[in-house]
Structures are given as structure tokens and as C-alpha cells.
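Q: here you go, sequence then predicted model.
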Amino acid sequence: MIVEEIMTKKLITLKEYQTILEAHTLMHQYKIRHIPITDEKDCLIGLISDRDIRDALPSILLDTEKEKDVHQLPVNKIMQKDIITGHPLDFVEEIGSIFYEHKISCLPIVQDHKLVGIITTSDLLHSLVELTGAHQPGSQIEVKVPNQAGVLYEVTKFFHVRKAKILSVLLYPDKKDERFKVFVIRVQTINPIDIIDDLINAGYEVLWPNLPGMSK
């Protein structure tokens, strides 16, 4: 999945001369936490967040007139200028790594120097739910398998025999033994007992669900 498929394209933006009050009002109106700042050619030049606004405001113990003064300042006084960006053709998983490594909560998407979209942590979580099929009724099975070629085919044969529709397959390394990895398979059935028994009888270790009475 690429960024273009999940990014928000209907953008709320501001110019650098517009006020902090305007930014605050737009965030409240549209229930957003970030606003890109663009120039007259729609090129990205900055980014302002609700945290930037909170950090700029004086303490509530000070004169409220100072808060009014801050609200009237242009956003270029507090906007972030050193901005990490993405491209519409980037892969979503690569963008997820950027969010994780840089501890950011939004990423402007730029193409040919122009702002074309934005991605937030909410967008990433929504795409994760779709990729894993977690929003669809079904069951999850975790199987520990040898870290070798062809094992996915061997495991999914059991699902095919039982005519069970696979919604998603995720893979992660076994943290205790690098000779193994773990398949997380979401299947469109409420009762996966037969599949689990088939896997166990074939010598695979089913980590989840570990139900009483399953074959050993």
C-alpha cells in the first residue's frame, strides 16, 4: 500500500502571515492538530501544531492581555520550519518507520515541491486495521514455524483444505530463537479448532489460541 491511497488530500492550510488565532480557530473547527503552512505557490514552508500554540501562550497566571497579543502574532513566529516530508509513492510501512524513528504525529506529503497531502498517526492506525482485517469478524491464529523458504505455502495449505478464507498474514521473527518466525494469520471463521488441530498434528506449534483440549 502506498501513501497516496491513505493520505488526506482535502487540506486545511495557512499562509505564514496569518495569525496564531486563525490557526487555533481552524484546529478547533475542523478537529485537527496540525496545519501546514504554504506559500503562494502551494509549496510547503512550515507546519504548526496545537502543541506549538500551547507552548507559545503565556501562563494562565499572567495577564490575559499577553495571551491576546500572542494570538495576533503571525504563525511564522512559532511554526516549525525543519520539516520531514514524504512522497505519494512511498510505502506506508516506510512512513510508519519514519513516525517511529522521529517520534512525529503527522507527515506532510510533497510532490514536485508542492504540498499534496498529509498523513497522521490516525491514518496509519486506520490502514493497519484494514491491512490486518481486524475490523472484519474472524479469528486470529499465531503459528511458530521454521525460518526457511516455502513454509508459508505449507502452512496455508491447511486453511485451503478447510475452505477457510484468509483475511491477512503478518510475519515477525521469534524473539527467543532466530531459527523460527511467527505467522499471525487472520481467518474468516469464528471456530478455527479444526485448522488448529491440523497444524498441531502436522508438527507446528500454535501459540494462539492455546485452548484446553487441543491436540498435542
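A: Alright, I've got the coordinates. Residues are numbered from 1 along each chain as shown.
Q: so where do the strands sit in the protein?
A: For the chain, strands defined by DSSP state E occupy the ranges 34-38, 44-49, 106-111, 114-120, 139-146, 166-173, 180-187, 205-208.
Q: roughly how far does K77 sit from I84?
A: Relative to I84, K77 is positioned 21 Å away (Cβ to Cβ, to the nearest Å). Backbone N, C-alpha and C define where each C-beta goes, glycine included.
Q: no no, D123
A: Looking at D123 against I84, where the rule is Cβ to Cβ, the gap reads 16 Å.
Q: can you tell me how far Y100 is from P36?
A: 22 Å.
Q: and the closest residue to I196 other than its chain neighbours, what does it touch?
A: Excluding the flanking residues, the one nearest I196 by Cβ to Cβ, 6 or more residues apart in numbering is V206, at 5.3 Å. Shown in contact with V206 (Cβ atoms under 8 Å, 6 or more residues apart in numbering): 141-144, 196, 199-200, 214.
Q: max pairwise distance over those: which two?
A: Farthest-apart pair in those is K144 and M214; separation 14.4 Å (Cβ to Cβ).
Q: find the nearest non-adjacent residue to the residue nearest the centre of the chain, please.
A: Residue closest to the mean C-alpha point of the chain, counted by Cα atoms, centre = their mean, is L124 at 1.9 Å. Using Cβ to Cβ, 6+ apart and skipping residues adjacent in sequence, the residue nearest L124 is G96, 5.7 Å away.
Q: check what pLDDT the one you found gets.
A: The per-residue pLDDT reported for G96 equals 92.
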